[in-house]
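Q: how does the following fold in three dimensions:
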Amino acid sequence: MSEPGGSSVSAPTSEVEPPAQPARGFRFGLLTKTAITLLFIGTGPLLAFGLITLAQQRASLRSDAQKSMQVNAEHIGTEVDEWIDKNVRALRTAVTMPSITSMQRDDQAKVLLAIKQAYPWMYLVFTIGLDGKNVARSDDQPLVDYSERAYFKDIVTGGKDLSWDNVLGKTSGKPSLLLAIPIRSASGSLVGVLAAGMTIEETSRSVAKWRNGATGFAFLVDEKSKVLAHPRNEFVLAQKRLVDHPMVKAYHADSKPHLVSFVDDGKDTLGYVYGNSSGWAVIVQQSEQELFGALRATVTAGLVLLGAAALLVITIGIAFSRMLVRPIVSMTAAADRMSMGELQTPITWPGGDELSLLARSLERLRKSMRAAMSRIR
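A: Alright, predicted model coming up:
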């Protein structure tokens, strides 16, 4: 338009707005997104693999520990069975001899003494008449009345072919295991009882001496939950009944083997109970802290290695994300300068990748804008 007076006024030129400034504070930008993506890609499979491996190792070590307890309990139970069977077979052989079936004291005493000498852990071998009175003994002690003993009643009244009892021996004065079998005449009628007494220490030495580490031990109870062997000698001397022990209670509930976790003396404990052919329970137990010490060490070492590997991946991921984002930030700054009219600085980026192609495109744009500005001037 022309104003009065003939002078012309050019249209006002629009001012170039400065580039928007980034907001202060945390910005979920390209660098952050790239770093998170690289970290997820790098650490995700590593963490998954590590955790799965540690879980498998934990299960394997726990299974090995449990299997070891089971093998030990069954081995001890088998040893006890074999020991009892050996003694029972000796007694069964003896009752076939005429010297024993005769129920004559002098004849029996010779055989009983021979049995004691052949089996030195038998501190006493003796015979009992149907009235419960002692007929003959392998020692020179006075004859004793055994009519109140449970094993005598089992044979004479109950008709059993084998009986045993865990008693305080009248002869030894110590907790003893008594084995008893019937004596029958040639016609098969019952004429008496042959019995042998053995100290519990001898009977269960393989049980009482078994150890595994500082807290692993084994003990043995009979079918009435009475202690036959235990590392704590006072339990044996008192013939303590462990009816409330979790392992004993679990076995007597169904007469089957059990693996049980329980608290013993304030410590988490794992135990395995196994029953032998006599209905006795062999218990093997050990504190979980000691039993799974190797497991915890393995898990700790695995977690440390996993953490170190994850930290390495994180460091490398952040470094690579910066390397990836830095040229983009640099070109963004160059584009901002171009928008402000600064067209003198060349835009370059080495290499032949997509970023270098973008840099060359911006450089062509800079040159074009510079040439256009020169023509306008």
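
Q: same for the one helix or strand M331 maps to, what does it pack against?
A: When secondary structure is defined using DSSP states H and E, the element that contains M331 is helix 293-339. Contacts defined by 3 or more C-beta pairs under 8 Å, 6 or more residues apart in numbering; DSSP states H and E place helix 293-339 against helix 30-94, helix 354-376. C-betas here are computed from N, CA, C, even on glycine.

Q: low-confidence ranges in the protein?
A: For the chain, applying pLDDT under 70 flags the ranges 1-31, 34-35, 38, 42, 168-175, 200-206, 295.

Q: and the residue nearest the centre of it?
A: R62 (3.3 Å; C-alpha atoms, centre = their mean).

Q: that older thread, could the helices and strands packed on helix 293-339 go into a markdown table alongside distance to Q289?
A: Below are these laid out as a markdown table (distance: least, C-beta to C-beta, whole Å):
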| stretch | distance to Q289 |
| --- | --- |
| helix 30-94 | 12 |
| helix 354-376 | 57 |
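
Q: tell me which of the ones you listed lies nearest to V329.
A: helix 30-94 (8.0 Å; C-beta to C-beta).

Q: how far does that closest one sit from its chain's centre?
A: 6 Å (C-alpha atoms, centre = their mean, to the nearest Å).

Q: C-terminal to it, what's the next element?
A: helix 98-101.

Q: that next one: which residues count as buried?
A: For helix 98-101, a neighbour-count test (16 or more other C-beta atoms under 10 Å) marks S99, I100, T101 as buried.

Q: give the next helix or strand downstream of that helix.
A: Past helix 98-101, the next helix or strand by DSSP H and E is helix 105-118.

Q: identify all contacting residues around that next one.
A: Helix 105-118 has contacts (C-beta atoms under 8 Å, 6 or more residues apart in numbering) with 90-91, 94, 97-100, 102, 122-127, 135-139, 196.

Q: show the buried residues in the residues you listed.
A: Buried among these by 16+ other C-beta under 10 Å: 90-91, 94, 99-100, 122-127, 135-138, 196.

Q: quick one: which two of these are the most distant?
A: Across these (C-beta to C-beta), the longest gap, 21.3 Å, separates S99 and Y123.

Q: can you tell me which of the buried residues of helix 98-101 is nearest G271?
A: I100 (43.0 Å).

Q: assign Y123 to helix, strand or coil.
A: Secondary structure state of Y123, per DSSP: H, G, I helix; E, B strand; the rest coil, is strand.

Q: thinking it is in contact with G197, fair?
A: Yes: contact criterion C-beta atoms under 8 Å: Y123 and G197 qualify, at 5.7 Å.
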